[in-house]
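Undergrad: What shape does this take:
(one chain, ligands or ions: 2)
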Amino acid sequence: MMSHPQSLQTLITEPLCFYGSGSMAEAILRGLVNRAVVVPAHVTMLNRGNKERLDYLVQRYGVAVAGEESTRTAALQQAKVIVLAMKPVDAAHALRQLGPTLTEDQLIVSVIAGLEVGTIQHLLGRKQPVARTMPNTSSSIGLGATGLVFSEEVSLEQRQLVHHLFEAVGTVTEIEESQMETLTGISGSGPAYIYYVMESMIRAGIEGGLSAEQARELTIQTVIGASHMVQQTGEEPAALRAKVTSPNGSTAAAIKVFEDAHMQDTIVRGVERCAERSREMGAALKEDNS
Ligand SMILES: NC(=O)C1=CN([C@@H]2O[C@H](COP(=O)(O)OP(=O)(O)OC[C@H]3O[C@@H](n4cnc5c(N)ncnc54)[C@H](O)[C@@H]3O)[C@@H](O)[C@H]2O)C=CC1
Ligand SMILES: O=C(O)[C@@H]1CCC=N1
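TA: Numbering: from 1, shown residues only. Ligands and ions are numbered 1, 2, ... in the order given. Got it, this is the predicted structure:
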């Protein structure tokens with residue numbers, strides 16, 4: 001079941017700590033702050049010592065930051081929810097260090113691709129409550145799509161809190177953990193595929209003589225219109241495509257070029273490869289002894 005953003009947001013008052021403050025952490029933070037579901041002063045952002053980045057986050061969002069080793073430890077200890085938002089390669093070391101400092105009511109929310117609930121608990125060295133999520137960067141404008149799995153240690157209140165967090169920035173789909181990599185291939189990485197198509201359309205527009213601005217605006221409106229059509233009409237994309245494609249017309253000519261290049265199969269293979277790569281990253285983390 002997919003749950004949708006709520007019009008009346010619940011204010012999250014529990015102290016949150018983003019352990020890793022890069023693109024994904026900022027996308028979630030921006031969505032939460034824009035929707036006023038968190039008190040920025042109750043949110044602490046950590047990184048490995050990039051002070052400029054932390055200064056920017058303070059100025060832009062009014063959050064608290066912890067750049068020094070001592071303040072980092074204190075921020076992690078005080079947080080009710082710790083959002084793991086570092087790159088997979090940095091996660092094993094960070095989790096091993098974090099484990100011994102945790103109390104049992106602290107919730108770990110991971111956004112890290114491939115990192116399984118069992119691996120998180122193994123690296124922490126304890127059966128901590130864990131929510132494994134796969135959001136995407138569209139969370140920053142409230143249009144994210146987040147996949148979600150809970151460990152059995154997560155309480156009802158903690159489940160609700162995680163739903164509130166991610167429903168504030170988009171839709172939430174609770175799934176089985178075995179489906180997480182496929183979901184990553186669709187919605188976690190999916191924005192990049194759409195940008196890739198948009199880049200190609202804009203390039204073709206410019207090469208055909210439109211101004212860069214015209215090509216960009218026409219492409220944006222076309223992508224917005226097409227996705228809203230699928231959502232609002234409830235029709236299948238294939239049926240909507242058929243309505244655009246007059247027999248022997250210009251669209252049919254374009255689709256023929258795509259089919260000759262096996263584009264659909266290529267996209268399916270890309271999604272499958274993304275899922276496989278997430279599994280590879282998860283396996284590497286399982287074996288990481290750093
Ligand atoms: N960018 C995206 O579209 C999505 C990313 N993700 C996941 O989000 C995670 C982060 O990705 P990005 O934000 O793109 O990476 P990023 O490179 O922009 O940010 C990573 C952050 O982690 C910090 N960090 C690393 N090790 C640390 C440590 N030991 N202590 C404190 N801070 C530490 C870095 O300083 C940096 O602030 C990844 O695991 C990725 O799988 C998930 C969904 C979508
Ligand atoms: O490329 C990555 O590894 C992350 C996971 C989903 C989107 N970006």
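
Undergrad: alpha carbons only for contacts and neighbour counts from here, please
TA: Fine.

Undergrad: quick one, domains of the chain?
TA: Annotated domains of the chain cover 2-177, 190-278 [automatic domain parsing].

Undergrad: Return the most buried member of the ones you listed.
TA: Across the domains of the chain, averaging neighbours per residue (mean count of other C-alpha atoms under 10 Å) puts domain 2-177 on top, at a mean of 19.

Undergrad: is that one up against ligand 2 anywhere?
TA: Yes. Judged by C-alpha under 6 Å from any ligand atom, domain 2-177 and ligand 2 are in contact via residue 113.

Undergrad: Start and end of that domain, how far apart?
TA: 16 Å (C-alpha to C-alpha, to the nearest Å).

Undergrad: so for it, what's the average pLDDT?
TA: The pLDDT scores in domain 2-177 average 94.

Undergrad: How about the residues of the stretch 151-290 of the chain by ligand 2?
TA: Applying C-alpha under 6 Å from any ligand atom, one finds that the stretch 151-290 of the chain approaches ligand 2 through 184, 188, 189.

Undergrad: Could I get the contacting residues of residue 146?
TA: Residues in contact with residue 146 (C-alpha atoms under 8 Å, 6 or more residues apart in numbering) are 133, 134, 135, 136, 166, 170, 171, 172, 173, 187, 188.

Undergrad: Just grab the bridge partners of the first one for me.
TA: Applying DSSP bridges to residue 133 gives these bridge partners: residue 148.

Undergrad: so it sits right up against residue 114, yeah?
TA: No. Proximity of residue 133 to residue 114 does not meet the contact threshold set by C-alpha atoms under 8 Å, at 10.1 Å.

Undergrad: residues making contact with stretch 33-44?
TA: With contacts defined as C-alpha under 8 Å, 6+ apart, stretch 33-44 is touched by 9-18, 32, 61-66, 75, 142, 165, 168-169.

Undergrad: same check, this time on stretch 252-262
TA: Here stretch 252-262 makes contact (C-alpha under 8 Å, 6+ apart) with 245, 246.

Undergrad: Check stretch 269-286 too.
TA: 88-89, 91-92, 113-116, 119, 181-186, 189.

Undergrad: Return only those of those residues found close to ligand 1.
TA: Within those, those near ligand 1 by C-alpha under 6 Å from any ligand atom are 88, 113.

Undergrad: In strands only, show me the contacts of stretch 269-286.
TA: The subset of these located in strands under the criterion DSSP state E is empty.

Undergrad: So which bits of the chain are right by ligand 1?
TA: Within the chain, the positions adjacent to ligand 1 are 19-25, 46-48, 85-88, 90, 94, 111-113, 134-137, 188 by C-alpha under 6 Å from any ligand atom.

Undergrad: Just the ones of those residues in strands?
TA: Reading strands off those with DSSP E, I get 19, 46, 134.

Undergrad: My read is that the second one contacts residue 64, right?
TA: No. With contact taken as C-alpha under 8 Å, residue 46 and residue 64 are classed as non-touching, separated by 9.1 Å.

Undergrad: and the two most separated of the contacts of stretch 269-286?
TA: Pairwise distances across the contacts of stretch 269-286 peak at 25.5 Å for 92 and 186 (criterion: C-alpha to C-alpha).

Undergrad: Now do the phi/psi pair for the residue of the stretch 1-150 of the chain found nearest ligand 2.
TA: In the stretch 1-150 of the chain, no residue comes nearer to ligand 2 than residue 113, which is 5.0 Å away by C-alpha to the nearest ligand atom. Residue 113 has phi and psi values of phi -60, psi 130 when expressed as degrees, to the nearest 10.

Undergrad: Next up, identify which helix or strand the spatially closest residue to it that is not a sequence neighbour is on.
TA: Distances taken as C-alpha to C-alpha, 6 or more residues apart in numbering place residue 278 nearest to residue 113, at 5.8 Å, with adjacent residues excluded. Using DSSP states H and E, residue 278 maps to helix 263-287.

Undergrad: now do residue 82
TA: Taking DSSP H and E as the criterion, residue 82 maps to strand 81-84.

Undergrad: partner strands of that strand, parallel or antiparallel?
TA: strand 16-19 (parallel), strand 107-110 (parallel).

Undergrad: would you turn those strands into CSV with distance to residue 1?
TA: As requested, the strands paired with strand 81-84 are exported to CSV (distance: least, C-alpha to C-alpha, whole Å):
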stretch, distance to residue 1
strand 16-19, 26
strand 107-110, 20
